[in-house]
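A.B. asks: Sequence first, predicted coordinates after that:
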Amino acid sequence: MNHKVMTGIENLKANPPDYLKGKRLGLLANPASVDKKLTHTLDILNQLFPGQLKALFSPQHGFYAEKQDNMIESDHGVESRLNIPVFSLYSETRIPTPGMLYHIDTMIIDIQDVGTRVYTFIYTISHCMEMAAKLNKTIVILDRPNPIGGLTIEGNILEPDCASFVGRFPIPMRHGMTVGEISQFFNRQFDLGCDLKIIPMEGWKRSMYWQDTDLAWLPPSPNLPTPGSCMVYPGQVIFEGTNISEGRGTTLPFEQFGAPFLDTKTIGQIASEKIKGAFLRPVNFEPTSGKWQHKTCRGFHIHITSRKDFKPYMTSLLLMQLILKFHPEAFEFKPPPYEYEYKRLPIDLILGSRDIRKKITEMKNPGVLETLWQDKLNKFKTDSEKYYLYD
């Protein structure tokens, strides 16, 4: 049953706020920034506030989301119809400069997040909030659903020595907040001091997954083509820190994973006894780009059978440990660089902890690990609930 959800941009369109009138506006957006009729937020703002848009800003993958992978920068440019600058916040800088914000009074942000710590959009927003605070600018966030729901939180809290552009603040792998909520959380919990306004959604409930809304899914980045890819992503993203293909360069990124050396029979048998809410179907695939390009990989396609029971992070930790156990010679953790970090191991940045990598390698039971981080996770839940905008 699909429920009618009105996103922040729809809400703004229905009730354009007075505080935007006469202001010089900037917009941070990408192709997923659309209304119900798939009209881009850029066009809506230009219609509502003619002549007020003075600059555009783009996150990782570019304003048109054409860039595929990590550390592939997008250039600054000019939006041809309005003849205004497009500043890339995934370029020689990931922090907006005073020169970029000089053009505007208020930055409107309409970005579809995916509910996972290891995704750069929320940190781009946090840098915008910090710089806006320094320069007395306002940030307005048009809220959107968390595609993997607002009830389940999962995973360890990031440790400060593993902070990076894929994990700037101590939050768990699956945070259970909308982009508006987590921006409020960052702003107040970490004293960013930004004049922040949220234009909320209507009709969204925390129990909803993307499939429960009546909204069309547009990939916020090239390798999250479906709501299903978002569901597995909080776990499968850990394979980015290894020599296991996370399915990039195939039609099922993150939903399938593997390597030429994988013993799918043994791993499949053990994993299927322990994994709840998903079925691992053995597959062969050949990536057209990325790891193991043009080589046949043996692996699995994760089919989620119960969204409620499926724990993406714990599932992938278990799978990584089984691959380590049965392929100690062939399996490798990837060396740096990763997301502009040239010394620390990518896997530690992704897991948000050196300790978890060590314990997984020492074959400690992932279920036991989960009990170790539960207290901190409960504290995060209590802290983050203060910023919830929806029941």
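C.D. replies: Structure's in. What do you need?
A.B. asks: Tell me where this structure has helices.
C.D. replies: Taking DSSP state H, the helices of the chain run over residues 8-14, 41-48, 98-101, 121-134, 179-189, 227-236, 264-274, 312-326, 346-351, 354-361, 366-372, 374-385.
A.B. asks: and these as JSON lines, adding mean pLDDT, distance to Leu25 and mean neighbour count?
C.D. replies: In this view, the C-beta of every residue, glycine as well, is placed from N, C-alpha and C. Formatted as JSON lines, the helices of the chain follow (pLDDT from 0 to 100; distance: least, CB to CB, whole Å; neighbours: other CB atoms under 10 Å):
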{"stretch": "helix 8-14", "mean pLDDT": "98", "distance to Leu25": "12", "mean neighbour count": "20"}
{"stretch": "helix 41-48", "mean pLDDT": "97", "distance to Leu25": "6", "mean neighbour count": "18"}
{"stretch": "helix 98-101", "mean pLDDT": "96", "distance to Leu25": "12", "mean neighbour count": "15"}
{"stretch": "helix 121-134", "mean pLDDT": "97", "distance to Leu25": "13", "mean neighbour count": "22"}
{"stretch": "helix 179-189", "mean pLDDT": "98", "distance to Leu25": "18", "mean neighbour count": "22"}
{"stretch": "helix 227-236", "mean pLDDT": "98", "distance to Leu25": "29", "mean neighbour count": "25"}
{"stretch": "helix 264-274", "mean pLDDT": "97", "distance to Leu25": "50", "mean neighbour count": "14"}
{"stretch": "helix 312-326", "mean pLDDT": "98", "distance to Leu25": "37", "mean neighbour count": "22"}
{"stretch": "helix 346-351", "mean pLDDT": "97", "distance to Leu25": "34", "mean neighbour count": "24"}
{"stretch": "helix 354-361", "mean pLDDT": "97", "distance to Leu25": "43", "mean neighbour count": "18"}
{"stretch": "helix 366-372", "mean pLDDT": "93", "distance to Leu25": "45", "mean neighbour count": "14"}
{"stretch": "helix 374-385", "mean pLDDT": "98", "distance to Leu25": "29", "mean neighbour count": "14"}
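A.B. asks: now for those helices, which one comes closest to Leu27?
C.D. replies: Nearest to Leu27 among these is helix 41-48; the distance by CB to CB comes to 6.1 Å.
A.B. asks: where does the protein dip in pLDDT?
C.D. replies: Where the chain drops to pLDDT under 70, the residues are 65-73.
A.B. asks: Let me see the domain layout of it.
C.D. replies: 8-221, 227-352 (automatic domain parsing).
A.B. asks: Tell me which of these sits nearest to Lys379.
C.D. replies: That would be domain 8-221 among the domains of the chain, by CB to CB, at 8.1 Å.
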